[in-house]
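Participant: Just the structure for this:
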Amino acid sequence: MQKLNFPDYTFSYKDLNNKTEIFDIVRKKFVALTPEEWVRQHLLHFLINEKNVPVSLITVEQTLKVYKRKKRSDIIIYRNTGEPLAVVECKAPEVKISQDAFDQIVRYNMTLKVSCLIVTNGIQHYCCMIDYNDLSYKFLDDIPSYEMMIAAVS
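Facilitator: Down below sits the predicted model:
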């Protein structure tokens, strides 16, 4: 798999029917190792180890209802009150981050109404904070820590 723009992490792998699987630390199970999953697993480790997001407040591939259709978010980060705090869209490294990725995450956010949107392909990371009081948004230079995400909505 391709080197990503994240610190190096140690992952657990296994082979099943000539396919490689990677252990998902949130779902606590092995999943098929695809390029998108490679990005998602790096980002999960990054959020937990570098940004202090509690693993118990993260969901992976959660089903959402968007315009009466079922969709699946890559990652949702919650507050300890159970309210969604951030939504993340992961793309494979070879997928260019385009307007389509932002449109997708904004559609998910119509249901979630979070203040932090993160889109990454493992090479480029974009983070946008939404201020619902001012009806404004701001792109950040870096993905904020869990504490900063909470402070932004408090």
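Participant: Report the beta-bridge partner residues of Glu89.
Facilitator: Val119 (DSSP bridges).
Participant: That one against Ala101, yeah?
Facilitator: Yes - in this structure, Glu89 is within contact of Ala101 by C-beta atoms under 8 Å, at 5.7 Å. C-beta here means a position set from N, CA and C on the backbone, and glycine is covered the same way.
Participant: Flag the shaky bits of the protein, pLDDT-wise.
Facilitator: Applying pLDDT under 70 to the chain flags residues 64, 66-67, 154.
Participant: all strands of it, in order?
Facilitator: 13-16, 19-24, 29-32, 58-66, 69-78, 84-90, 116-120, 125-131, 136-140 (DSSP state E).
Participant: so how far is the third one from its chain's centroid?
Facilitator: For strand 29-32, the distance between its averaged C-alpha position and the chain's averaged C-alpha position is 17 Å (C-alpha atoms, centre = their mean, to the nearest Å).
Participant: which helices and strands sit right next to it?
Facilitator: Here strand 29-32 touches strand 19-24, going by 3 or more C-beta pairs under 8 Å, 6 or more residues apart in numbering; DSSP states H and E.
Participant: Who are the packing partners of the strand it packs on?
Facilitator: Under the contact definition 3+ C-beta pairs under 8 Å, 6+ apart, strand 19-24 sits against strand 13-16, strand 29-32, helix 35-49.
Participant: can you do 6 Å?
Facilitator: Here strand 19-24 touches strand 13-16, strand 29-32, going by 3 or more C-beta pairs under 6 Å, 6 or more residues apart in numbering; DSSP states H and E.
Participant: partners of that strand in the sheet?
Facilitator: Partner strands for strand 19-24, per DSSP bridges, with pairing direction: strand 13-16 (antiparallel), strand 29-32 (antiparallel).
Participant: Okay then, goodbye and thanks.
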